[in-house]
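> quick one, what's the 3D model for this:
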Amino acid sequence: MVWLRNLILLVLWGLVALVVRFAAGIDTGWMVFSLGVLALLIWHLFQLDQLVRWTQNLRESPRDAPGSWGVAVVRLHRHLRKLEREIAEGRETLQSWLAASQALPDGVVVLDENFHIEWCNREARRSLGLRFPSDRGQYLLNLVRSPEFVRYAQQETWPEPALVPAPRHPDRILMVQIIEYSRRRKLLVARDVTQLQRIETTRRDFVANVSHELRTPLTVLVGFLETLAEAAPGTLSDEQKAHYLALMREQAQRMQNIVGDLLTLSALESTQAPENPGPAGMVSVIAGSRPGIEALSAGKHRIEWEIDPSLDVLGVASELSSAVSNLLSNAVRYTPAGGRIIVRWRPGRDGTAEFSVTDTGIGLEAKHIPRITQRFYRVDRGRSRASGGTGLGLAITKHVAIRHEADLDIESEPGRGSTFTLRFPAERVVGGPPHPVGSTVPTDAEAGQAEVALDAAREDPPGGDQASGEPESDQAPGARAPHDAAAVQEAPRLAASRP
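Here you go, the predicted structure:
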């Protein structure tokens, strides 16, 4: 112990002074003792001065000191090094937390009890329009003045988050929540949920559109079923019954087409494209679609085919056949009689391949082009429904293009026509054997495809809505499409007038 060492030293020096007292007298003894105490005091003052000098630059190692001062200095030095390590670790942890907070996709603002800003991360500065550190200490509600946010912030408690518009981007939606994490601190978390809101809106619109599309044929079916079930014997002639059954069959086929296209679209969205696809036989795909399209046109249009027989792409023939049929049927449906349709399959720039359909139809306004590939999108609902179709054709075509790494380009001008182009990348383009696309005598495989396509055209031709903005893909010939509107009007009237 330090005090014991000094006490022993004083006792020993006192004994020396006592011996001197007996040898030289009392005055000499006291003088010797006083000199010893003074020397000890001077030594301690010198060691204290050395310690004070060391504290002026604590990063230097301390000088070696004898006795208790050496022990004290060593302990101080060790404690200082320990504190420095703890401070360095704490600083590193703080920097790590700050870096993590900056990397968060959500905006984070640390507030005091009076909503004054203490800190915010990069995302909070972007989404809430804050500036840091210049906004430190500012009242948050003076900077974020959205009425919805002010109302939310002024609540006594915040059990649920709130949706508010972003201060600098009103078209974006933020989900904000205030969390109390101590008596004097609050945490504001802001998340951009614009995309989620759009997805939710799209989902609601999709459900509403499907319900609307199915409601019309269901109304017809229910009306005619009630009429046939409740009509008195002899009230309806055999011709009337046959006519009603034909209309019911058409509406049932329409619902079947809608469900089929929905299943096709779902399969395209939920399954992965083949990793190593083989040649799709694009020339055969086009040839297989030709008879059905010519049957749908019924000679009312001048259709020109410009096909490169040596060109092919890697892909899935069935998917490409759906895309080709939809684009061709759109051109036929929305090109007036006497119009011209040009179908091209040719090499493009930089080794690409292009399948394009150009028509002289009624065309599209520019504002509709970005949305035309959406499900059930229609510009003119009356015209679209009268022409037949499910409203899903171009949506299917778009997904087929995506699965084949192709681009779907749309050029259109109202009153002058449209051009729809599927542009395949050079990596998917391969050469193919010559194929007589323009020949009137197809190969056996083509004949089989043509027969199937022609039968499908007679039942329900494939198609979408081009000029009116409706993606179509069902398969009803144009001759029977107008029956839908007549059936919708006739069924309720018969049901109301039944006996």
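
> got the phi/psi numbers for residue 190?
For residue 190, the backbone dihedrals (degrees, to the nearest 10) come out as phi -120, psi 130.

> for residue 304, that is, sorry about that
Main-chain dihedrals, residue 304, degrees, to the nearest 10: phi -110, psi 140.

> next: residue 25.
Dihedral pair for residue 25: phi 110, psi 160, per degrees, to the nearest 10.

> what's the neighbour count on it?
Using other CB atoms under 10 Å, residue 25 has 11 other residues around it. C-betas here are computed from N, CA, C, even on glycine.

> looks to me like residue 108 is in a helix.
No - using DSSP: H, G, I helix; E, B strand; the rest coil, the assignment for residue 108 is strand, not a helix.

> what's the burial count for it?
17.

> right, and it touches residue 118 too?
No - here residue 108 does not reach residue 118: they are 11.2 Å apart, not a contact under CB atoms under 8 Å.

> now do the buried residues in stretch 230-240.
By neighbour count with 16 or more other CB atoms under 10 Å, stretch 230-240 contains the buried residues 231, 236.

> what's the span of it from first residue to last?
Across stretch 230-240, the straight-line distance between its terminal residues is 15 Å, by CA to CA, to the nearest Å.

> what does stretch 398-408 give?
One end of stretch 398-408 to the other measures 7 Å (CA to CA).

> could you list the buried residues of that stretch?
Judged by neighbour count (16+ other CB under 10 Å), stretch 398-408 contains these buried residues: 398, 399, 400, 401, 403, 404, 406, 408.

> so what pLDDT did the fifth one get?
Yep, that's residue 403 we're talking about. Per-residue confidence at residue 403 stands at 88 (pLDDT).

> how is the closest residue to it other than its chain neighbours assigned, secondary-structure-wise?
With CB to CB, 6 or more residues apart in numbering as the criterion, residue 403 has its nearest non-adjacent residue at 4.2 Å, and that residue is residue 273. Following three-state DSSP, we place residue 273 in the coil state.

> just checking, residue 273 touches residue 406?
No - Residue 273 lies out of contact with residue 406 (CB under 8 Å); the separation is 11.2 Å.

> helices of the stretch 1-150 of the chain, residue ranges please.
2-24, 26-55, 67-103, 122-128, 140-143, 147-153 (DSSP state H, counting those that start in this stretch).

> quick one: buried residues of the fifth one?
Going back to what we said before, that points to helix 140-143. Going by neighbour count (16+ other CB under 10 Å), the buried part of helix 140-143 is residue 140.

> mind starting the numbering at 15 from now?
With the count now opening at 15, the last piece we talked about shows up as helix 154-157.

> lowest-scoring secondary structure element of the chain by mean pLDDT?
When the helices and strands of the chain are compared on mean pLDDT, DSSP states H and E, helix 458-473 comes out lowest with a mean of 38.

> ok, and what's touching stretch 60-77?
In this structure, residues lying in contact with stretch 60-77 by CB atoms under 8 Å, 6 or more residues apart in numbering are 79, 83, 86, 87, 88, 90, 91, 94.

> for that stretch, which positions count as buried?
Under the neighbour-count criterion of 16+ other CB under 10 Å, stretch 60-77 has 61, 65, 68, 76 buried.

> that one: end-to-end distance?
Its first and final residues considered, stretch 60-77 spans 13 Å by CA to CA.

> what helix or strand does residue 215 sit in?
Assigned by DSSP states H and E, residue 215 belongs to helix 208-244.

> immediately after that helix, which helix or strand?
Past helix 208-244, the next helix or strand by DSSP H and E is helix 252-284.

> for the helix or strand immediately after that next one in the chain, what is the distance to the chain centroid?
Downstream of helix 252-284, the next assigned helix or strand under DSSP H and E is helix 296-311. On the basis of CA atoms, centre = their mean, to the nearest Å, helix 296-311 is displaced by 37 Å from the centre of the chain it belongs to.

> helix 296-311 packs against which elements?
Contacting helix 296-311 under the criterion 3 or more CB pairs under 8 Å, 6 or more residues apart in numbering; DSSP states H and E are the following elements: strand 316-321, strand 325-327, helix 331-347, strand 354-361, strand 367-373, helix 458-473.

> quick one, the longest one and strand 354-361 angle?
Put plainly, it is helix 331-347. Taking axes from the mean of the first three to the mean of the last three CA atoms, to 10 degrees, one finds helix 331-347 and strand 354-361 inclined to each other by 150 degrees.

> can I get helix 331-347 as CSV, trimmed to CA atoms?
What follows is the C-alpha trace of helix 331-347 in CSV, where atoms were taken according to Å, rounded to 0.1, in the frame of the first residue of the first chain:
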residue,chain,number,x,y,z
ALA,A,331,-44.0,-21.9,-81.3
SER,A,332,-47.3,-22.0,-79.4
GLU,A,333,-46.6,-18.7,-77.6
LEU,A,334,-45.4,-17.0,-80.8
SER,A,335,-48.5,-18.3,-82.6
SER,A,336,-50.7,-16.6,-80.0
ALA,A,337,-48.9,-13.3,-80.4
VAL,A,338,-49.0,-13.4,-84.2
SER,A,339,-52.7,-14.3,-84.3
ASN,A,340,-53.6,-11.5,-81.9
LEU,A,341,-51.7,-8.9,-83.9
LEU,A,342,-53.2,-10.1,-87.2
SER,A,343,-56.8,-10.3,-85.9
ASN,A,344,-56.5,-6.8,-84.5
ALA,A,345,-55.5,-5.5,-87.9
VAL,A,346,-58.5,-7.2,-89.6
ARG,A,347,-61.0,-6.2,-86.9
